[in-house]
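[1] from the sequence below, what's the structure:
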Amino acid sequence: MSELKILGKIDLSKFSKEKKPHINMEESFKFLNNELEKISREFNSFYGDFIEKDGSIKMMGEDEKLHKNIVSTKSEIYGDKKDFPQMAELAITVFLNKIIGDRFIVVRSSKYDDYEHGVDNVLVDKQTGFVVCGFDQVLGMGDNDGSDKKREKVEKINLKGGARLEYGIKLDENQKIQISKMKNVPAFFLGLTKDDLISLVKNMSEDKNSDDLSNNILNKILKSLKEQEGNIKNLLKNQDNLSLLNNVNKFEELLLFLESKV
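    Residues are numbered from 1 along each chain as shown. This next block holds a predicted model:
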């Protein structure tokens, strides 16, 4: 009888019959775009005409034509994707408006700032009228979810003085939005796993209002943001950029508000 050789362990996880959440891409994008259009109409009627129907800040001013040409060229190169990373950007905007919209204005950045400055979302504190941060996003697709690269990216942005916005927004004394250039905006990233994203979109589109799911995602976001805030402060402790450090301190208001929601 030939000798029996043990070749190693068999990974049984690949044979798991557990069903992964599934989603209809076309219907999901339709839902998210409709939600963003509702949010945009509400914002424009209350704060003034500053946002496109897709939830992004309008490009206007002396460089509008130049910047729109740049965006058009890059859109042709990269294409108008309807994939999971794009869905994550839309879903985060809709989700945060539902959860923290009573205190913060959450919008997508202008298409120019998205391409050129790596900022997907801009948050404004309604109480102070000022931007508290810019968010970039990463969608985890597995063990190597891209968060390390995203962390390095935002660290580089913050070491250079924070994010720049060609089309930043702030509230004036009449509670109307003013669009202007900004710098020293603290940069953070938000991450979702693909399964979390699918569950979130299904939950919102089916109007299930699952507190467990919302709290789970909020807890993940809060934990990540707290960690990033600590890292930024460590990065800046030997820097003399007081403007950015002051803005990071203002960001703590968002963390406190998120804590009150979980």
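[2] contacting residues around residue 25?
    Counting by C-beta atoms under 8 Å, 6 or more residues apart in numbering, residue 25 touches 82, 87. Backbone N, C-alpha and C define where each C-beta goes, glycine included.
[3] relative to residue 192, how far out is it?
    As judged by C-beta to C-beta, to the nearest Å, residue 25 and residue 192 stand 16 Å apart.
[4] near the residue nearest to residue 71 when sequence neighbours are not counted, how many other residues are there?
    Spatial nearest neighbour of residue 71, chain neighbours left out: residue 111 (4.6 Å); criterion: C-beta to C-beta, 6 or more residues apart in numbering. Number of residues near residue 111 (other C-beta atoms under 10 Å) recorded here: 22.
[5] one more: residue 212?
    Close neighbours of residue 212, defined as other C-beta under 10 Å, add up to 8.
[6] please apply the same query to the one 10 residues further on.
    Neighbouring residues of residue 222 were enumerated by other C-beta under 10 Å; the total is 17.
[7] picking that back up, which residues are in contact with the residue nearest to residue 71?
    Applying C-beta under 8 Å, 6+ apart, the residues near residue 111 are 56, 59, 71, 75.
[8] what helices or strands is the top helix by length along the chain leaning on?
    What stands out as the longest helix in the chain, according to DSSP state H, is helix 211-236. Identification of packing neighbours for helix 211-236 by 3 or more C-beta pairs under 8 Å, 6 or more residues apart in numbering; DSSP states H and E yields helix 84-100, helix 147-159, strand 187-193, helix 194-205, helix 242-261.
[9] and that helix, how far from the chain's centre?
    Centre-to-centre, helix 211-236 and its host chain are 13 Å apart (C-alpha atoms, centre = their mean, to the nearest Å).
[10] now that helix: mean pLDDT?
    If you average the pLDDT over helix 211-236, you get 90.
[11] how about stretch 73-91?
    For stretch 73-91, mean pLDDT is 88.
[12] span of that stretch from start to end?
    Across stretch 73-91, the straight-line distance between its terminal residues is 26 Å, by C-alpha to C-alpha, to the nearest Å.
[13] and it, which residues are buried?
    For stretch 73-91, a neighbour-count test (16 or more other C-beta atoms under 10 Å) marks 84-85, 87-91 as buried.
[14] now stretch 165-176
    Neighbour-count burial for stretch 165-176 [16+ other C-beta under 10 Å]: 165-171.
[15] same thing with stretch 26-46?
    Using 16+ other C-beta under 10 Å as the test for burial, stretch 26-46 gives 28-29, 31-32, 35-36, 39-40, 43-44.
[16] quick one: whichever strand or helix holds residue 36 to chain centroid distance?
    Assigned by DSSP states H and E, residue 36 falls within helix 25-47. Helix 25-47 sits 16 Å away from the centroid of its parent chain (C-alpha atoms, centre = their mean).
[17] start at 320 instead
    Let's use 320 as the start, then, which means that last one is helix 344-366.
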